[in-house]
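1. Here is a sequence together with a model predicted from it:
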Amino acid sequence: MCQLVGYIGDRPIAPLILEALELQEPYFAAHATGMGVIDSRGKVQIQKATGPVAVVKKTTKITKLKGNVGIGHSRYSALAREDPRYDIDAMCHPFTNDASDIAMMHNGGINNFREHWARLKPNHKFKSFNPEINWITDSEVAVHMIDEEVKKGAGFDEALRTIMPKLTGQVLLCLISEKEPDTIWLANRWQPCYIGVADDEVMWSSSKVGLELIKDELKKIYQPPKNSLIKLMRGQADVQILDPNYKVADLELNKRILKEGILSILGVADLDFHRLWYALDKTHWAKAYGITKEKWKTLRRDYGVSIVNPLIEVLDELIDEQKIGKRIDYRAEGCCMRTPRFMYNII
């Protein structure tokens with residue numbers, strides 16, 4: 001589970017995107033940081049490297065990026081967490097097509113990426129490939145699939161509608177391009193997403209806290225519907241149905257049950273956000289949604305259901321109720337010796 005940001009407007013773009021990522025990265029993320037912008041010449045420019053924001057600011061020229069349209073990505077990978085061979089600079093987002101005129105980032109996991117990789121690799125260069133482990137970042141298949149559709153004459157809306165049903169797992173794709181230099185495209189089944197709209201700017205973020213820096217200027221902050229195709233331009237967000245054949249599960253969260261689960265788990269031991277999430281996945285998520293464990297597994301596996309922001313919101317409520325506390329802890333993960341993680345504890 002990664003944390004993403006996109007912005008269109010006149011503010012200094014690198015500080016805004018990097019701070020928005022830094023606010024989110026202690027949840028799930030911080031194994032790598034990357035940013036792509038459309039510069040004043042209408043060209044895609046990218047800076048990225050392994051490590052949280054604080055590290056990548058020092059190891060790259062990411063703070064020098066300028067433009068009015070930009071996307072930022074803080075990567076989390078279960079593989080990278082345990083093995084630094086899966087946490088190299090080339091595996092960081094955003095990824096580009098062969099011509100480097102499209103920059104795309106992804107949140108989630110593409111379960112069937114190997115079959116797409118096998119088909120695509122004879123005709124495309126996979127920049128995330130690590131020959132030491134014969135592996136790529138699953139996300140990179142999507143940018144080449146989009147590129148192939150665009151080369152056939154499709155617009156980005158049509159391209160995203162074509163490829164999204166072919167990708168299994170948890171999938172949110174976000175792209176910028178030299179072909180549409182004033183636009184950010186989002187295709188999202190169920191991944192975390194907040195949009196903020198102002199008069200002459202627009203911003204989106206995986207978690208609401210990513211909008212914190214400009215929230216007072218935003219006229220509207222909301223979570224778009226699941227299964228959305230979103231076109232962001234200055235001061236506007238056009239939201240349409242992404243895939244008419246995708247069935248959005250009707251889930252209603254019982255916060256009381258989820259809070260009971262959180263308190264019982266933290267009563268045993270302090271946990272960071274992602275370990276708490278997975279503990280609840282085994283014990284309380286299905287119960288909190290009033291469904292069977294088998295149904296919950298199906299929704300996670302086959303429909304890409306991802307429940308991150310509801311957990312953040314319930315944890316924040318428990319903090320406000322002074323039942324739990326939150327702090328930042330640092331630990332070695334992947335290539336970084338000081339990866340920030342939110343830790344939660346009973347007060």
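-> Happy to help now that I have it.
2. If we go by neighbour counts, what in stretch 198-212 is buried?
-> In terms of neighbour count (16 or more other C-beta atoms under 10 Å), stretch 198-212 has its buried residues at 198, 201-211. Backbone N, C-alpha and C define where each C-beta goes, glycine included.
3. of those residues, closest to residue 90?
-> For those, the minimum distance to residue 90 (C-beta to C-beta) is 22.8 Å, reached by residue 206.
4. is it true that that closest one touches residue 191?
-> Yes: using C-beta atoms under 8 Å, residue 206 makes contact with residue 191 at a distance of 7.3 Å.
5. list the residues that contact both of these two?
-> The contact sets of residue 206 and residue 191 overlap at residue 107 (C-beta atoms under 8 Å, 6 or more residues apart in numbering).
6. Which parts of the stretch 151-300 of the chain are strands?
-> 169-177, 184-188, 194-197, 202-205, 220-222, 228-233, 236-241, 271-272 (DSSP state E, counting those that start in this stretch).
7. Including distance to residue 326 and mean pLDDT, could those go into JSON lines?
-> Output for the strands of the stretch 151-300 of the chain, formatted as JSON lines (distance: least, C-beta to C-beta, whole Å; pLDDT from 0 to 100):
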{"stretch": "strand 169-177", "distance to residue 326": "25", "mean pLDDT": "96"}
{"stretch": "strand 184-188", "distance to residue 326": "27", "mean pLDDT": "98"}
{"stretch": "strand 194-197", "distance to residue 326": "20", "mean pLDDT": "98"}
{"stretch": "strand 202-205", "distance to residue 326": "19", "mean pLDDT": "98"}
{"stretch": "strand 220-222", "distance to residue 326": "22", "mean pLDDT": "97"}
{"stretch": "strand 228-233", "distance to residue 326": "30", "mean pLDDT": "98"}
{"stretch": "strand 236-241", "distance to residue 326": "30", "mean pLDDT": "98"}
{"stretch": "strand 271-272", "distance to residue 326": "10", "mean pLDDT": "96"}
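8. need the contact list for residue 44.
-> Residues in contact with residue 44 (C-beta under 8 Å, 6+ apart) are 36-38, 96, 100-103, 176-178.
9. Next, format those residues as JSON lines and append neighbour count.
-> Output for the contacts of residue 44, formatted as JSON lines (neighbours: other C-beta atoms under 10 Å):
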{"residue": "36", "neighbour count": "29"}
{"residue": "37", "neighbour count": "26"}
{"residue": "38", "neighbour count": "26"}
{"residue": "96", "neighbour count": "21"}
{"residue": "100", "neighbour count": "14"}
{"residue": "101", "neighbour count": "17"}
{"residue": "102", "neighbour count": "26"}
{"residue": "103", "neighbour count": "27"}
{"residue": "176", "neighbour count": "29"}
{"residue": "177", "neighbour count": "23"}
{"residue": "178", "neighbour count": "16"}
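10. So which of these sit within strands?
-> In this view, those that belong to strands under DSSP state E are 36-38, 96, 102-103, 176-177.
11. Closest one of those to residue 7?
-> Closest approach to residue 7 among these (C-beta to C-beta): residue 37, at 9.3 Å.
12. so what's that closest one bridging to?
-> Per DSSP bridges, the residues bridged to residue 37 are residue 45, residue 70.
13. need the contact list for it.
-> 13-14, 44-46, 65-67, 69-71, 176.
14. State the distance from it to residue 159.
-> For residue 37, the distance to residue 159 (C-beta to C-beta, to the nearest Å) stands at 21 Å.
15. coming back round to it: mind putting the contacts of residue 37 into a markdown table with distance to residue 267?
-> Formatted as a markdown table, the contacts of residue 37 follow (distance: C-beta to C-beta, whole Å):
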| residue | distance to residue 267 |
| --- | --- |
| 13 | 44 |
| 14 | 42 |
| 44 | 49 |
| 45 | 49 |
| 46 | 45 |
| 65 | 45 |
| 66 | 49 |
| 67 | 48 |
| 69 | 47 |
| 70 | 43 |
| 71 | 40 |
| 176 | 45 |
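16. Pull out the buried residues from these.
-> The neighbour-count test (16+ other C-beta under 10 Å) marks 13-14, 44-46, 65, 67, 69-71, 176 as buried among the contacts of residue 37.
17. Need the CA coordinates for stretch 26-35. PDB is fine.
-> This file holds the C-alpha atoms of stretch 26-35, laid out as PDB (Å, rounded to 0.1, in the frame of the first residue of the first chain):
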ATOM      1  CA  PRO A  26       4.400   6.700   8.100                       C
ATOM      2  CA  TYR A  27       1.200   4.700   7.400                       C
ATOM      3  CA  PHE A  28       2.200   2.400   4.500                       C
ATOM      4  CA  ALA A  29       5.100   3.700   2.400                       C
ATOM      5  CA  ALA A  30       8.600   5.300   2.700                       C
ATOM      6  CA  HIS A  31      10.600   2.600   1.000                       C
ATOM      7  CA  ALA A  32      11.000   5.000  -2.000                       C
ATOM      8  CA  THR A  33      10.000   8.500  -3.000                       C
ATOM      9  CA  GLY A  34       9.500   9.800  -6.500                       C
ATOM     10  CA  MET A  35       8.000  12.700  -8.400                       C
END
